[in-house]
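Enquirer: Sharing a sequence plus its predicted fold:
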Amino acid sequence: MSTDKKNIEPKIPIKLLVDENQTRLLAAEAPSDFVNVLLSFLTLPLGTVVRVTKSHPGSIGCMNNLYQSIEQLSADNFCTEACKSILLSPRNPRALVCKNLKLNIDDTSNGICFSCNYNYCGRKSHYPCTKCVCGRIANTEISEESQPSDPKHFVGRMIMYVISDDLQVLPGNPNSLAQLLCNLGLSDVDQVEELSVDVGLEETPLTDVFLGERKLANNSIPVDPRNSPTPSSENRTSPNHTEFRVKLILSKSQNKILCLLVREDFIDFLFSFCTVPLGSVVKLLDLNSGVGCVDNLYRTVEILDSEWLAISKNEIINAGVLKQYKCKNNPLQIRDAINISNLLDPRGPTGSGDCFGRFMEAPHWFVVSDKLVVTPLSSPSSSISFLKELNVPLNDIEEQEETIGETEALALLKASLTSSSALNNCFKSSINQKLNKSDVAAK
């Protein structure tokens, strides 16, 4: 095979159905290769979503700021070098399926891992420079092989599908298409024009899925923690009593949160948002994530007949996080991904297959801004610089303590995805109550 042929980017042919009268996209008819790509979006960790969309206009709430904070933090703030890599290039729990897709959005799903050079050890890591249990460094590149019984794709082959503009996926048959067109107000099939297009990596609807129709991106309506969803019993393995005590720095005159002062355990939790697959996020938020058309994509898998799927529904919509990359102190009930045998946790300094559970070095104080920009307080000048950056009179600053448990953590997760003012969006109602009590006490 010639070099030119090897470098040809794969394309997937699809048919776009357009309303001639209203010049709008009605639906698409697409093969299983394209639907596999769509469903793979649900397995992408949030950090990957940010990374692959950040070159496009728009942002995903405050997640871009959170991701950039990780990029800019010194390696000294992390337990190991691999901690930063785990957050910036998080492991897709269905990577071995995604690497077989005709178009693989996730460049980390490449089937590469690392082992030490001791033949009798057998341990491996997805990240280089990991300390192995045998004392050596896992730095030898190897291929992560699939088992013969492992699925190679998400949906059945040789099947056509109908996809609506808001990403509802239906088995392709005349009745499904007729019903979809009727629901869109069409009564005459002659109003529909077919356009044939070839879709490659550059043309995939990834950006539209996450950034399109982002009516909530700058939503000023607070996310009341009291109305946040409670994780289902499927996610809940045991009662979760994890809580954080954080310091809210407020402007009394502006009645708003300026920032949080937090310890490293809270930053572990906050940064761990990057490791959670999108489908698991949608489930945590009770199918109300506010992220583009992702909720519709999730519902599609939920209602799709299992006979059309090549993998269990739960492994698509709630793939979870591998225990080697989970945050131990996490108020959210996040499912463990399917275990990978002999996998090392690259965060531990001594090498282990158990969950080390941390990303950040301790002890440490951090500042988290309203837009989720994270800055360490690690130098003698940090505090004075911090006060200057607040840009408010010193007598206008008030400190309040807040407890963040499961309910507040869910509200913060949603605010990080849907708001450009995450802290005020999340804690506004609580702050109003605290400031009102302060005013009453002062009188």
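Expert: Structure received.
Enquirer: CA atoms for contacts and neighbours, from now on please.
Expert: OK.
Enquirer: In contact with residue 355, which residues are there?
Expert: Contacts for residue 355 were tallied using Cα atoms under 8 Å, 6 or more residues apart in numbering; they are 323-326, 328, 345.
Enquirer: what about 7 Å?
Expert: 323-324, 345 (Cα atoms under 7 Å, 6 or more residues apart in numbering).
Enquirer: Need the residues that contact the helix or strand harbouring residue 368.
Expert: Assigned by DSSP states H and E, residue 368 belongs to strand 365-369. Residues from elsewhere that reach strand 365-369 (Cα under 7 Å, 6+ apart): 258-264, 374-377.
Enquirer: Check which strands are paired with it and give the direction for each one.
Expert: Take DSSP bridges as the rule and strand 365-369 pairs in its sheet with strand 256-263 (antiparallel), strand 374-376 (antiparallel).
Enquirer: I'd like to know which of these is closest to residue 133.
Expert: strand 256-263 (29.5 Å; Cα to Cα).
Enquirer: who's in contact with the closest one?
Expert: Contacts of strand 256-263 (Cα under 7 Å, 6+ apart): 246-251, 364-370, 423-424.
Enquirer: Next: stretch 85-93.
Expert: 43-45, 47-48, 108-109, 271, 274-275, 319-322, 337.
Enquirer: Now it: average pLDDT?
Expert: Average pLDDT, stretch 85-93: 95.
Enquirer: Over to stretch 58-71?
Expert: 93.
Enquirer: Could you do stretch 394-401 as well?
Expert: Stretch 394-401 shows a mean pLDDT of 91.
Enquirer: any idea how far it is from the chain center?
Expert: Remark: stretch 394-401 is offset 33 Å from the chain centroid, using Cα atoms, centre = their mean, to the nearest Å.
Enquirer: Give me the buried positions along it.
Expert: 397-398 (16 or more other Cα atoms under 10 Å).
Enquirer: can I have that stretch written out in PDB, keeping just the CAs?
Expert: In PDB, the C-alpha atoms belonging to stretch 394-401 read as follows (Å, rounded to 0.1, in the frame of the first residue of the first chain):
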ATOM      1  CA  LEU A 394     -10.400  45.400  52.600                       C
ATOM      2  CA  ASN A 395     -13.400  46.300  54.800                       C
ATOM      3  CA  ASP A 396     -15.800  45.000  52.200                       C
ATOM      4  CA  ILE A 397     -14.400  41.400  52.400                       C
ATOM      5  CA  GLU A 398     -16.100  38.800  54.500                       C
ATOM      6  CA  GLU A 399     -15.300  35.200  55.100                       C
ATOM      7  CA  GLN A 400     -17.900  32.600  55.500                       C
ATOM      8  CA  GLU A 401     -17.500  28.800  56.000                       C
END
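Enquirer: Please pick the buried ones from the contacts of strand 256-263.
Expert: In these, the ones that pass as buried (16+ other Cα under 10 Å) are 246-251, 365-370, 423-424.
Enquirer: For the residue nearest to residue 400 when sequence neighbours are not counted, which three-state class applies?
Expert: Sequence neighbours aside, residue 248 is the residue nearest to residue 400 in space, at 5.1 Å (criterion: Cα to Cα, 6 or more residues apart in numbering). Recorded secondary structure, residue 248: strand (DSSP: H, G, I helix; E, B strand; the rest coil).
Enquirer: For the contacts of strand 365-369, which two are the farthest from each other?
Expert: Across the contacts of strand 365-369 (Cα to Cα), the longest gap, 19.2 Å, separates 258 and 264.
Enquirer: ok, the nearest residue to residue 144 once chain neighbours are set aside - how many residues close by?
Expert: The shortest distance from residue 144 to any non-neighbouring residue, by Cα to Cα, 6+ apart, is to residue 111 (5.0 Å). Taking other Cα atoms under 10 Å as the criterion, the count of residues near residue 111 is 17.
Enquirer: And the pLDDT for residue 111?
Expert: Reading off the model, residue 111 has pLDDT 78.
Enquirer: I'd like the distance between residue 393 and residue 251.
Expert: Using Cα to Cα, to the nearest Å, one obtains 9 Å as the distance from residue 393 to residue 251.
Enquirer: I should have written residue 46 there, sorry.
Expert: Distance, residue 46 to residue 251, by Cα to Cα: 31 Å.
Enquirer: who's in contact with the residue nearest in space to the middle of the chain?
Expert: When Cα atoms, centre = their mean is applied to the chain, the residue found nearest the centroid is residue 46 (1.9 Å). By Cα under 7 Å, 6+ apart, the contact set of residue 46 is 273-278.
Enquirer: Filter these down to the buried ones.
Expert: For the contacts of residue 46, a burial check counting by 16+ other Cα under 10 Å picks out 273-278.
Enquirer: and stretch 33-49, how far out from the chain's middle?
Expert: 11 Å.
Enquirer: Check stretch 74-85 too.
Expert: Per Cα atoms, centre = their mean, the centroid offset for stretch 74-85 relative to its chain is 20 Å.
Enquirer: Then stretch 164-182?
Expert: 28 Å.
Enquirer: Give me the contact list for it.
Expert: 25-28, 160-163, 293, 296-297, 300.
Enquirer: Next, the buried residues of it.
Expert: 164, 166-172, 177, 180-181.
Enquirer: Rank the helices and strands of the chain by mean pLDDT and give me the bottom one.
Expert: Ranking every helix and strand in the chain by mean pLDDT, DSSP states H and E puts helix 3-6 at the bottom, with a mean of 46.
Enquirer: The helix or strand following that helix - what's its average pLDDT?
Expert: Using DSSP H and E, the helix or strand that follows helix 3-6 in sequence is strand 12-19. In this model, strand 12-19 carries a mean pLDDT of 88.
Enquirer: What is strand 12-19 packed up against?
Expert: Where contact means 3 or more Cα pairs under 7 Å, 6 or more residues apart in numbering; DSSP states H and E, strand 12-19 is packed against strand 24-31, strand 192-199.
Enquirer: returning to that earlier point: compare the strands paired with strand 365-369 and give me the one nearest residue 103.
Expert: The nearest among the strands paired with strand 365-369, by Cα to Cα, is strand 374-376 at 34.1 Å.
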